[in-house]
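1. What follows is a predicted protein model with its sequence.
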Amino acid sequence: MKSTALTLLVSSLLSISSLYAQVLPSFGGSRAGTTGMQFLKIGVDARSSGLGGNFTALANDVSALYWNPAGIARIDSQRAHIQFGHTLYFADIGISYGGAVVRVGEAYWGLSILSLGSGDMDVTTEFQPFGTGETFQANNTAIGITYARALTDQFAFGVTGRWARESIAGINTNNAIFDFGFQYNVGLMNTRFAVTVQNFGVNVQPNGELQLLKLTGPTTTTNFEEISVPAMFRIGVALDPYVDEVNRITTTAQLNHPTDNNETFGIGAEYSWKNILYGRLGYEFGVDETGLPAFGVGLNAPRNFGYLRLDYGFNNKSRLGSVHRFTLGIGLF
């Protein structure tokens, strides 16, 4: 079994190297504005938020459905896990997230739903910069199914298939995308190494009608260029430099390589007291918009039926403002 896991690990690395060349071409500069469906890049849960998004190697709860599908194979011993999250995002945008994981034999299956709503926004033009009296909305949705399995105590892999829909002002874009990931436990100080490829998909063409106001009068267009999804390649490592009967300190580092922006590097740390109370800090380097370090807190309450977990995460950008995330997790049986 160990030789099989090692073979799969090497094969995965070779496959990812090939994907790296195909999925992550070098366009130069920041490559901003070269993809659509930007909502797929927004983190969904409070725990990862408190770590600054540096969560690929650490993912071991329901939020792994977003960060690394292999992580659901490292979830707690309960058979069923449910998680709900809500994000108070910039510009009064709300993001809701729900996920569930069940263990069936040696396999783990997950279902995730993500919804972003902007509310009403004013339509403006060059001649009416304060609004025309009309409004529009952005409503985006992603639904995913995940399969994961731990082949050994050290090696786990996972894959997610998702349907994503972006709808802005009546212009709709639909796409089928995939996530791939694995986690490998090195053993020393519980060191975990992980790699993920997120949002792997093809170019698609939006559909719908859009009215444009030109000097010659209003015109309607139905022809739009194809857009791609914001693929992301992540490499992460996490370890526990200090553990005793009461305290545990976990540190993590992560390299992010998106197809539509600069590469970034982040670090994070999580402190656990008796696996009940948690404190988290994180920071990401290389981003265009800097701000305060991320931080978060968590509470894990064991119950007769399993557990209840409450988490809060805070992120800040100097010009855009602050983001607050809240997550409720439930373990059953």
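-> Received, thanks.

2. In contact with Leu188: list those residues for me.
-> Remark: with contacts taken as Cβ atoms under 8 Å, 6 or more residues apart in numbering, Leu188 is in contact with Leu239. The C-beta positions use only the backbone N, C-alpha and C, and glycine is treated the same way.

3. Any chance of the backbone angles for it?
-> Per-residue torsions, Leu188: phi -70, psi 120 (degrees, to the nearest 10).

4. Same question for Thr125.
-> Main-chain torsions, Thr125, degrees, to the nearest 10: phi -130, psi 180.

5. OK, contacts around Ser63?
-> With contacts defined as Cβ under 8 Å, 6+ apart, Ser63 is in contact with 44-45, 47-48, 55, 83, 85, 99, 327.

6. Please apply the same query to Asn275.
-> Contact analysis of Asn275 by Cβ under 8 Å, 6+ apart lists 248, 300.

7. Assign it to helix, strand or coil.
-> coil (DSSP: H, G, I helix; E, B strand; the rest coil).

8. separation between it and Ile95?
-> Separation of Asn275 from Ile95 (Cβ to Cβ, to the nearest Å): 28 Å.

9. Next: Gly268.
-> For Gly268, the distance to Ile95 under the criterion Cβ to Cβ works out to 21 Å.

10. Which one's more surrounded, these two?
-> Counted by other Cβ atoms under 10 Å, Gly268 and Ile95 do not tie: Gly268 has more neighbours, with 28 against 20.

11. okay but the more buried one is in contact with Gly279, surely?
-> No. Applying Cβ atoms under 8 Å as the test, Gly268 and Gly279 come out as separate, 11.4 Å apart.

12. What sits closest to Phe180 if chain neighbours are left out?
-> Nearest-residue entry for Phe180: Val197, 4.8 Å, with adjacent residues in sequence omitted and distances by Cβ to Cβ, 6 or more residues apart in numbering.

13. Looks to me like Asn60 is in a helix.
-> No. Counting by three-state DSSP, one finds Asn60 to be coil, located in no helix.

14. tell me the contacts of it?
-> Applying Cβ under 8 Å, 6+ apart, one finds that Asn60 lies in contact with 71, 74-75.

15. Out of the contacts of Ser63, list just those in strands.
-> 83, 85, 99, 327 (DSSP state E).

16. which residues does the first one bridge with?
-> Same thing as Gln83. Applying DSSP bridges to Gln83 gives these bridge partners: Gly99, Gly329.

17. how about the helices in this structure?
-> Chain-ordered helices for the chain, with DSSP state H as the definition, fall at 2-23, 46-50, 64-67.

18. neighbouring contacts of the second one?
-> Going back to what we said before, that points to helix 46-50. Outside helix 46-50, the residues that touch it by Cβ under 8 Å, 6+ apart are 43, 54-55, 59, 61, 63, 67, 85, 268, 270, 278, 280-282, 294-298, 311-315, 323, 325-327.

19. what separates that helix from the chain centre, distance-wise?
-> What separates the centre of helix 46-50 from the centre of its chain is 11 Å, taken as Cα atoms, centre = their mean, to the nearest Å.

20. And for the last one?
-> With Cα atoms, centre = their mean as the basis, the distance from the averaged C-alpha position of helix 64-67 to the chain average is 6 Å.

21. Just name the shakiest helix or strand of this structure by mean pLDDT.
-> Comparing helices and strands within the chain by mean pLDDT, DSSP states H and E singles out helix 2-23 as the least confident, with a mean of 44.

22. for the contacts of Asn60, which one is nearest Ala91?
-> Using Cβ to Cβ, Gly71 is the member of the contacts of Asn60 that sits closest to Ala91, with 30.6 Å.
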